[in-house]
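Participant: coords please:
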Amino acid sequence: MKIIAVIPARYASTRFPAKLMQDLGGKTVITRTYEAAVNTNLFDDVFVVTDSDLIFNEIISNGGKAIRSTKEHESGSDRIAEAVENLDVDIVVNVQGDEPFIDAAPLAEVINVFKNDTQRKVDLASLMREIKDKEEIENPNNVKVVVDQNGFALYFSRSVIPYPRDMNAGVRYFQHIGIYAFRKQALLDFYSLPMQSLEASEKLEQLRYLEFGKRIKMVETSHVSIGIDTPEDLDKARKLI
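Facilitator: Modelled structure (predicted):
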């Protein structure tokens, strides 16, 4: 089973433009993320896929591997699918380009889903963590997920799901952690399928997989990602470095 990591890297971030090229302790954010992914020793190969010549050249000049996107894409899955279409791989792990402090443990968890999936029932694997704080549960920026008895995702939403009509029902709430591992075919299928109403409404690409019958295995974790979404996040990261 050949397993690779792909880091989708857009230059034009809405909230923090050019964040991936910001200096972080003498190296750019994207270079630190690439090196962190390589240093997990979990992957047969690691690639950055980007629509930016600046990011492409940054990775190549530092001895890394990069793939230039040739098309405009609405989602990370689309960008990754284009990049891996002609690569001989089995499992593709999406690593976020703005997370230079990669923890190997959660990546290993999603990879192990496929290593244990002898009957090939899983198309994607991802992570979720329990949240209990009312503000976290109600925050639309925190994507929630509900699963069936076997841990497969039933639905993702920015809304509170399930709705707590009975406060004593003992429901647990889970936030989706956006680390994905895909079978290559699931990515290629996504690439050829049109966006449907649920994905368009919630602005969550994982709903396209569910709408077309793909099975997403969720793994509970205590992992909390450390991403760089704002200049304030970058300041914190510099102090951590």
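Participant: Which parts of this protein belong to which domain?
Facilitator: Following automatic domain parsing, one gets these domains for the chain: 1-101, 118-225.
Participant: Out of those domains, which gets nearest to Asp235?
Facilitator: Set against Asp235 and scored by Cβ to Cβ, the domains of the chain come closest in domain 1-101, at 10.4 Å. Quick note: C-beta positions are derived from backbone N, CA and C, even for glycine.
Participant: can you redo the domains of the chain as JSON lines with distance to Asp235, mean neighbour count and mean pLDDT?
Facilitator: Listed next are these as JSON lines, based on distance: least, Cβ to Cβ, whole Å; neighbours: other Cβ atoms under 10 Å; pLDDT from 0 to 100:
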{"stretch": "domain 1-101", "distance to Asp235": "10", "mean neighbour count": "18", "mean pLDDT": "90"}
{"stretch": "domain 118-225", "distance to Asp235": "18", "mean neighbour count": "16", "mean pLDDT": "93"}
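Participant: Tell me which of these lies nearest to Arg238.
Facilitator: Among those, domain 1-101 comes nearest to Arg238, with 6.2 Å by Cβ to Cβ.
Participant: if we can go back for a sec, in TSV, list the domains of the chain along with distance to Leu240.
Facilitator: Shown next, in TSV, are these (distance: least, Cβ to Cβ, whole Å):
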stretch	distance to Leu240
domain 1-101	7
domain 118-225	13
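Participant: and of those domains, who's closest to Ala108?
Facilitator: Short answer: domain 1-101, nearest of those by Cβ to Cβ, at 6.0 Å.
Participant: Adjacent strands (with direction) for the longest strand anywhere in the chain?
Facilitator: Identified as the longest strand of the chain according to DSSP state E is strand 173-183. Using DSSP bridges, the strands paired with strand 173-183 are strand 91-94 (antiparallel), strand 124-131 (antiparallel), strand 144-147 (antiparallel).
Participant: does Leu154 count as helix, strand or coil?
Facilitator: Classification of Leu154 into helix, strand or coil gives strand, according to DSSP: H, G, I helix; E, B strand; the rest coil.
Participant: Pairing-wise in the sheet, spell out the partners of the residue lying closest to it once chain neighbours are set aside.
Facilitator: What sits nearest to Leu154 in space, not counting adjacent residues and going by Cβ to Cβ, 6 or more residues apart in numbering, is Val146, at 4.9 Å. Listed by DSSP bridges, the beta-bridge partners for Val146 are Tyr155.
Participant: and Val146, how far is that from Val160?
Facilitator: When Cβ to Cβ, to the nearest Å is applied, the distance between Val146 and Val160 equals 11 Å.
Participant: Check Asn112 too.
Facilitator: Following Cβ to Cβ, the distance that separates Asn112 from Val160 is 30 Å.
Participant: next one: Pro8
Facilitator: With distances defined as Cβ to Cβ, the gap from Pro8 to Val160 amounts to 29 Å.
Participant: Could you do Ile102 as well?
Facilitator: When distance is defined by Cβ to Cβ, Ile102 is 30 Å away from Val160.
Participant: same question, Val147
Facilitator: 16 Å.
Participant: now do Glu232
Facilitator: Taking Cβ to Cβ as the measure, Glu232 falls 27 Å from Val160.
Participant: swap in Phe101?
Facilitator: Plainly put, Phe101 is 30 Å away from Val160 if you go by Cβ to Cβ.
Participant: what's the answer for Gly178, then?
Facilitator: Using Cβ to Cβ, we find Gly178 at a distance of 19 Å from Val160.
Participant: now the strands for this protein?
Facilitator: According to DSSP E, the chain carries its strands in the segments 3-9, 23-24, 27-28, 45-50, 66-68, 91-94, 124-131, 144-147, 153-157, 173-183, 216-220.
Participant: would you list these in JSON lines and tack on distance to Leu198?
Facilitator: As requested, those are exported to JSON lines (distance: least, Cβ to Cβ, whole Å):
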{"stretch": "strand 3-9", "distance to Leu198": "22"}
{"stretch": "strand 23-24", "distance to Leu198": "37"}
{"stretch": "strand 27-28", "distance to Leu198": "36"}
{"stretch": "strand 45-50", "distance to Leu198": "26"}
{"stretch": "strand 66-68", "distance to Leu198": "30"}
{"stretch": "strand 91-94", "distance to Leu198": "20"}
{"stretch": "strand 124-131", "distance to Leu198": "16"}
{"stretch": "strand 144-147", "distance to Leu198": "14"}
{"stretch": "strand 153-157", "distance to Leu198": "8"}
{"stretch": "strand 173-183", "distance to Leu198": "15"}
{"stretch": "strand 216-220", "distance to Leu198": "14"}
